[in-house]
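what's the 3D shape of this:
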Amino acid sequence: MPRLPALLLNLAHALDHLFLLIFATAVGAIAVDFGYTRWEDLMPYTAGAFFMFGLGSVPAGRLGDLWGRRRMMLVFFHGMGLSAIAVALTTNAWQMALALTVLGAFSAIYHPVGIPMLVQHSATPGRAIGINGLVGNLGIAAAALTTGFLVQHFGWRAAFVVPGVVSIALGLLFARVAPTEAAAPARKKASTVRQLPRDLAVRVFVVMVASATTGSVLFNLTTNANAQLLAERMQALVTDPARLGLLLAAVYAVASVTQVIVGRLADRVALKPLFLGILATQVVLFAAAAHTSGWVWYVLAIGCMVSIFGTIPFNDVMVVRYVDDSMRSRVAGLRLAISFTLSSTAVLLLGPVVKATGFDLLLLGLAGVALLSLLIVTGLPGERRLREAWAVGAGRVGS
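Just a heads-up that it's a prediction; the model follows:
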């Protein structure tokens, strides 16, 4: 992958996450504009975006393999940009819910299409995925930073229009510089990726989907709640929206670096113990964060997001390691559809749960979800078992 198209693919990841979190960051201002007294009452209207973010991964992955990843990325850039501008034109909650759902459908394209396109010829996929994750989650930091600034100085509608225009511009540039595919991935000759026996392949896929689902619940709840959580836990110290946005952006910026480190480690060490170690830390951090406020909470919040971002590369690395490139978009799309669709309910419940119980119980619940993730990943086959399975498979091929 030439450098400029690779850079644009990484920036697309940043845009993908940025667009999905503009609403969560600006929800307070939108609630006032639409006549709501509490921001929690407006949060359920964004559930359609996250539902489509998952469900849309299946057709997106299928089209990526069968129609072409370059073409699908062009649909992504322009569709995201136009739908974000449409959100800015809405005048009530139901119009916004519809526009956000359309935006979620276009946002579903990136993960099953953009990441396989980026790593399809990479000799160090873990490193490439780590860097991609870093840039993608800097988009989360940018959502906090730019949305806070734009809302304060230009209003919440500008927070959607400005990145929408940027996305369309990047799509035009991608059309000029991205190499043309000789054939869609599914029509190419299969590569020499080692295939697992059916029983182990099913086991890996189940662990992959289950851990991705619990991980997505943690990711969705924290990234959608952090802006309001930060305002509550830091209210005695910081009240200015722009400064709160800067503090939240700093949390995401620090946490994003973790993905580069974990991605490089994934190319060098066994996945299972690395994954388990991060998840164990995650349980402790969330439990501790539930009982703190002020700067102590802020430090723990950084640790929580570091642990969440640190788990993100694992599922993409497993897809690259165990699935042939000719069908990676479809496998990734199916995994993402199941995990993201199930986890989208977390966004639907966020506002009502916080309104009824407060953030303390939410953080303890997140510690419980992290513990469930830990138990799920214990079912992942170890490296020795995988090597033995590959050796048996190679022997059968050779005979």
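
what about the helix or strand hosting Pro163, distance to the chain center?
Assessed by DSSP states H and E, Pro163 sits inside helix 156-177. Chain-centre distance of helix 156-177: 19 Å, with Cα atoms, centre = their mean, to the nearest Å.

identify each buried residue in that helix, please.
Buried residues in helix 156-177, counted by 16 or more other Cβ atoms under 10 Å: 156-164, 166-168, 170-171, 174. (Glycine included, C-beta is placed from N, CA and C.)

next, count neighbours for Gly358.
11 (other Cβ atoms under 10 Å).

I'd like the distance between it and Ala24.
Distance, Gly358 to Ala24, by Cβ to Cβ, to the nearest Å: 18 Å.

how about Ser167?
18 Å.

and what of Met52?
16 Å.

next one: Met73
25 Å.

show me the contacts for the residue nearest to Ala289 when sequence neighbours are not counted.
Once flanking residues are discounted, Ala289 sits nearest to Leu300: 4.2 Å by Cβ to Cβ, 6 or more residues apart in numbering. By Cβ atoms under 8 Å, 6 or more residues apart in numbering, the residues touching Leu300 are 285, 288-289, 292.

now those in a markdown table, with secondary structure, distance to Leu274 and pLDDT?
Converted to a markdown table, the contacts of Leu300 look like this (DSSP: H, G, I helix; E, B strand; the rest coil; distance: Cβ to Cβ, whole Å; pLDDT from 0 to 100):
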| residue | secondary structure | distance to Leu274 | pLDDT |
| --- | --- | --- | --- |
| Leu285 | helix | 17 | 96 |
| Ala288 | helix | 22 | 95 |
| Ala289 | helix | 23 | 93 |
| Thr292 | coil | 28 | 91 |
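
which outside residues touch stretch 130-143?
So stretch 130-143 is in contact with 9-11, 13-19, 21-22, 25, 115, 118, 223, 248-253, 255-257, 259-264, 266, 309, 312-313, going by Cβ under 8 Å, 6+ apart.

now the element after the longest helix anywhere in the chain, going C-ward?
Looking across the chain with DSSP state H, the single longest helix is helix 198-233. Downstream of helix 198-233, the next assigned helix or strand under DSSP H and E is helix 241-266.

just want the angle from that following helix to helix 198-233.
160 degrees (axes from the mean of the first three to the mean of the last three Cα atoms, to 10 degrees).

give me the helices and strands touching the helix holding Pro163, please.
helix 3-33, helix 69-88, helix 125-154 (3 or more Cβ pairs under 8 Å, 6 or more residues apart in numbering; DSSP states H and E).

and the longest one, what's buried?
With burial defined by 16+ other Cβ under 10 Å, the residues of helix 3-33 counted as buried are 5-6, 8-31.

same question, the last one
Within helix 125-154, the residues that count as buried by 16+ other Cβ under 10 Å are 125-151.

report the distance from it to the chain centre.
With Cα atoms, centre = their mean as the basis, the mean position of helix 125-154 lies at 11 Å from the chain mean.

over to the longest one?
Centroid separation between helix 3-33 and its chain, computed with Cα atoms, centre = their mean, is 11 Å.

tell me what the helix or strand following it is packed against?
Going down the chain from helix 3-33, the next helix or strand is helix 47-55, by DSSP H and E. Packed against helix 47-55 by the contact rule (3+ Cβ pairs under 8 Å, 6+ apart) you find helix 3-33, helix 93-107, helix 328-357.

turn these into JSON lines, including distance to Gly215 and mean pLDDT.
Shown next, in JSON lines, are the helices and strands packed on helix 47-55 (distance: least, Cβ to Cβ, whole Å; pLDDT from 0 to 100):
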{"stretch": "helix 3-33", "distance to Gly215": "14", "mean pLDDT": "90"}
{"stretch": "helix 93-107", "distance to Gly215": "18", "mean pLDDT": "95"}
{"stretch": "helix 328-357", "distance to Gly215": "8", "mean pLDDT": "80"}
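
make JSON lines out of those and add distance to Ser373.
Below are those laid out as JSON lines (distance: least, Cβ to Cβ, whole Å):
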{"stretch": "helix 3-33", "distance to Ser373": "20"}
{"stretch": "helix 93-107", "distance to Ser373": "24"}
{"stretch": "helix 328-357", "distance to Ser373": "12"}
